[in-house]
Each structure stands twice: as structure tokens, then as C-alpha cells.
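1. sequence unavailable; structure follows:
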Ligand SMILES: Nc1ncnc2c1ncn2[C@@H]1O[C@H](COP(=O)(O)OP(=O)(O)OP(=O)(O)O)[C@@H](O)[C@H]1O
């Protein structure tokens, strides 16, 4: 590590205003060569805005950016790239129709005279990928690769373009556990070679295992920087949220009642989920764990009618028509899909519209909703779900990622369904808001709902669920309850399909 060197990047007193909100307020930060700095803060605190300014995608309204100590205008992402600043986010920026080799050298294809030198491109792409231990055919079309491999190709591109500063904006949020660990390992390796890294993630263990320092933004202001891993998590969280987070997962005062959801031989038509049977009682939370590709995502989608499926699903004894999200909802299954961008957001509509879409018509008399009631209910929903927005009329896509997620949860939780199926409900959500969402979930179950929660975050399942079903290779392979609800037990089943027995 070379953290004592002059900063590679410094933002000094940077401000950025969007209509109705001061996203950054006189914020300063440095990242030196070889240093990994975590940029932390609640949803909407300004992290992405700051990283976009460094990456040339946004311009500050005030303050300066210095590269190698020299005041620099990073006018656009191409300028950033020339300076060695490369951004990696959860949205992949690769061209899916081009090959791996073309993507690695996109925008800087080596030439022989005036002709593109394809042989060199393929050879060098192969070398770059092999050096990073990424095994992929350089002639394969990127669009045909798994998300994990695409992310690794993106890293290879960053590394081969001689990145001096890597910015990771929630780059791991859609990756499998294994791919996440590999990505973090690649990042640590790059830092050892002197690359500066700025990483944004809402997953604390990731920050603690990777970063040497955490900078904390709150409401656009930089409230401080602390060393990692020596700063206790509770202290970092207090800086981010401005209060203690006691009783993080909350508790509920109810015992499971009658069976509400019956699932018999439910299988996805694509074969990714083999016939699966289980029941959930009113007031009960059942967790679904499993690695990426284990079938757990398909289980959620099949329950919510989002994919074609076979088998039988009953809510309060009444059969649900499969493969039809409207009918599933009509039968009382409220689904929060994990792909909120594609499946849940109305990107051209306001926060208010996105939050009220499903329940506002119920308030209407003769098809007309009194606007005063509407406005009051929207205000209440925004406050209850902690959605940070300068106005209910703001476009939903102008909210920070975590706040979009909270808006969707608010819409679906307000339905009063007997069954909720929540797939990765807190992905991209900050620690404070997570705790708020857990409390709302507990309230839903107290009012008699049956909840199925599919999550890749085991602590979340352990903290909330009465029992956890673990998927392995497309089938439920274990049910874990009581004292056995521990990460090691869940992990063992997720990885091998069974609990490892200690040799006697
Ligand atoms: N294009 C935009 N138009 C209007 N407001 C915006 C725009 N982009 C961001 N904002 C606002 O700026 C503030 C900071 O948003 P930003 O995305 O930087 O937060 P964040 O800390 O990255 O949040 P998250 O953890 O949810 O990703 C938020 O209030 C957001 O609504």
C-alpha cells in the first residue's frame, strides 16, 4: 500500500444541486494511489453524485477536482478515461453484441497502419484475461455470457486500459457470493499494484474486508473519515444514520396461525426449479436461501406469477392461476420482484404515481379520487417508508437507487395482501432504511400476513425468518429452524445440498 503518496484524486468543497435538492454540499475527499476508500452514507446522501463527478458524468456547481494535485475539469467520461479514471457500476456498460476481445479494447482498438489489428486484439485480450484468471472465450459474444462473467470482462477492460482510479458503484450488488469475492480479490490486487479505488456498497462486511478508510456522507455533507477495519461498525453506522440502530431486525408479537399459503409441486417451466412443496402460516416469515442459480429466484417469480410454472399454489384454500402476475395479485400474493428496474418501476412517472399505482383506485368513489385524500395518503406513504424525495411529483428515476426500492416496497406493502413474496427486498438499501423495512415487515406479519422472503443476505434471513428453506441446484434441499439458524448451517446446504456431518 502506498497511502502516504500525494492523492491521485482530490475533490475540494464540491457542491451539486438538482432541482429541489442540494445533492452535495461542500464535500471534500481524497484517494491516494494504492488506497481503497469506501464511500458510505444513507440512500440519497450523494455517493453516486460524487462518483459521477469524479467519473466525468456530472459537473459540479461549485468546488474543484484535482488529479495528481492539479486542478482538472473532467468534462465527460471520455476525459475521465484518458486520465485513467474508470467507473464500474452494477449497470454493465459493455456492448452485448460485440465479442469479449472487442469489448476489452473498445474505444482503443490497436491498428496496423489504418487497419484494425484483430490478431493482436485477440491475443492481448487473452493475455489480459488470463492474468486476471478470468476464463472466457475471447471470441464469445458478451451478451451470451453470465452477468458474473460480464462483470469480470468489465474489470479486465478497466485493468487493461491502465486504470489509475477505479470507482465501484454498488458493483457487487447483483453478483453471486463467489463472483463478489473474486471481484473484491481483483480489486485488492489492483490496489497492491498502486491503483486507487473508491468503492460504494451497502454491504458492511464487504467494506470491512476491502477498504482501508471509510468516508461518510450525510445529506450531501462529508461528516468524516474513519480507518477500517479498526472503527467499530456501530460507530460507522451512527455516523451514517445519525442515531443508534438498536433492535435492528425488530420483533413481532404473534404466533403463527392457520396455513395461508400452500405450495405443492411448484416448478418453473424452464426447469430451473424442480417441484417444490411447502406451507406458510399467517404471521409467519419463511426465508428462502441459496446461491445464484440455485432456483431461489425462480421460486419467488413462480409464486408471484412472473414466470410460467406448473404445480399448485393456494391462498386461503383457493387455487391461484399460475404464470399470471395479475391473477396472483388478485388471489392475494403481493410480489416484490428483484429486478425492480425492469419489473416494477414506471420510469416515466412520478414518485407519487409509482407509490400509489396499486392502491389508489381502491380509495376512489365512482372512479374519482379526492385529491386532498390522495395527497395526504401519498405524504403518509413517503414518510412511512422513509423515501427521500424533494417532492412527490419528482420522476421516480431521479431518486437514488435505494429510495426507488423503498418506494416500490411502500406501494406493495400497502396492498393488505394475505401473502407477500419479497425477492431481495433490501438490495441497495442503506442500513438505517433496512432496519425501518424490517420493522414494517414485522408489522405486516403481526396483522396476519404470511411472508416469503428470498434473500442472498443470510444475516437478514436469520434475523427475520421463523424457518429458512435452502435451495440447491434447483430444488429445496433443507429446512432450517431454531438454534440451527446459523450462517454456517445455511451455507453448508447452499454449497453442497446437505449439512456436513462431523465425523464421529
Ligand atoms: N438526475 C437527477 N435529478 C434530480 N435529482 C437527482 C438526480 N440524481 C440524483 N438526484 C438526487 O440527489 C440526491 C443524491 O442522490 P445520489 O444518487 O447521489 O445518492 P446515493 O447516496 O448514491 O444513494 P443510494 O445509496 O440510494 O444509491 C438524491 O436526493 C437524489 O434524489
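-> On my side now, so go ahead. Here the structure is a predicted model, which is why all the values come from computation and not from measurement. Numbers count the residues shown, from 1 in each chain.
2. how close does residue 162 get to the ligand?
-> 27 Å (C-beta to the nearest ligand atom, to the nearest Å). The way it works is simple: take the backbone N, C-alpha and C, and place the C-beta from them, glycine included.
3. ok, that residue - contacts?
-> If you count contacts by C-beta atoms under 8 Å, 6 or more residues apart in numbering, residue 162 has them with residue 84.
4. secondary structure class for it?
-> Assigned by DSSP: H, G, I helix; E, B strand; the rest coil, the conformation of residue 162 is coil.
5. just the pLDDT at it, thanks.
-> We have a pLDDT of 81 for residue 162.
6. residue 268: how many residues sit nearby?
-> Using other C-beta atoms under 10 Å, residue 268 has 24 other residues around it.
7. what sits against it?
-> Residue 268 is in contact with 295, 298-299, 301-302, 307-309, counting by C-beta under 8 Å, 6+ apart.
8. apart from its neighbours in sequence, what residue is nearest it?
-> Closest residue to residue 268 apart from its sequence neighbours, by C-beta to C-beta, 6 or more residues apart in numbering: residue 298 at 4.3 Å.
9. does that neighbour count as helix, strand or coil?
-> Assigned state for residue 298: helix (three-state reduction, three-state DSSP).
10. and it, how many neighbours?
-> The burial count assigned to residue 298 is 26, neighbours taken as other C-beta under 10 Å.
11. which ones among the contacts of residue 268 are found in strands?
-> Counted as lying in strands by DSSP state E, out of these, are residue 309.
12. and the ligand, which of the contacts of residue 268 reach it?
-> Taking C-beta under 6 Å from any ligand atom as the test, the ligand is in contact with none of the contacts of residue 268.
13. hmm, which two among the contacts of residue 268 are most spread apart?
-> Using C-beta to C-beta, the contacts of residue 268 span at most 14.7 Å, a distance reached by 295 and 308.
14. the two: which is more packed in?
-> Between residue 295 and residue 308, residue 295 has the larger neighbour count (other C-beta under 10 Å), namely 24 against 13.
15. quick one, what contacts that one?
-> 268, 272-274, 276, 471, 473-475.
16. what about it, distance to residue 13?
-> Note on residue 295: its distance to residue 13, by C-beta to C-beta, to the nearest Å, is 51 Å.
17. for residue 389, same thing?
-> Using C-beta to C-beta, one obtains 26 Å as the distance from residue 389 to residue 13.
18. ok, now residue 148?
-> For residue 148, the distance to residue 13 (C-beta to C-beta) stands at 39 Å.
19. in terms of neighbours, single out the busier of the two.
-> Neighbour count, other C-beta under 10 Å: between residue 148 and residue 13, residue 148 has more, with 18 against 14.
20. so the closest residue to the more buried one other than its chain neighbours is in which element?
-> Leaving aside its chain neighbours, residue 148 sits nearest to residue 179 (3.8 Å; criterion: C-beta to C-beta, 6+ apart). Residue 179 is part of helix 177-192, with elements assigned from DSSP states H and E.
21. how far away from the center of its chain is that helix?
-> Counting by C-alpha atoms, centre = their mean, to the nearest Å, helix 177-192 is centred 18 Å from the centre of its parent chain.
22. what is whatever helix or strand comes next after it packed up against?
-> Per DSSP H and E, the first helix or strand lying C-terminal to helix 177-192 is strand 196-200. Identification of packing neighbours for strand 196-200 by 3 or more C-beta pairs under 8 Å, 6 or more residues apart in numbering; DSSP states H and E yields strand 21-31, strand 36-41, helix 47-54, strand 165-169, helix 177-192, helix 204-210.
23. which strands or helices does the fifth one pack on?
-> The reference is to helix 177-192. Judged by 3+ C-beta pairs under 8 Å, 6+ apart, helix 177-192 is in contact with strand 36-41, helix 147-160, strand 165-169, strand 196-200, helix 204-210.
24. how about residues contacting that helix?
-> If you take C-beta under 8 Å, 6+ apart as the criterion, helix 177-192 is touched by 1, 34-36, 132, 148, 151-152, 155, 159, 163, 166, 168, 171-172, 175, 197, 199, 206, 209-210, 291-292, 456.
25. mark which of these are buried, thanks.
-> Neighbour counting with 16 or more other C-beta atoms under 10 Å marks 34-36, 132, 148, 151-152, 155, 159, 163, 166, 168, 171-172, 175, 197, 199, 206, 210, 291-292, 456 as buried within the contacts of helix 177-192.
26. and the spatially closest residue to residue 302 that is not a sequence neighbour, what is it in contact with?
-> Sequence neighbours aside, residue 309 is the residue nearest to residue 302 in space, at 3.9 Å (criterion: C-beta to C-beta, 6+ apart). By C-beta under 8 Å, 6+ apart, the contact set of residue 309 is 266-269, 273, 302, 322-323.
27. put the buried members of the residues you listed into a ChimeraX selection.
-> Selecting only the buried entries of the contacts of residue 309 in ChimeraX, with 16+ other C-beta under 10 Å as the criterion:
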select :266,267,268,273,302,322,323
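28. that concludes my questions; thank you for your assistance.
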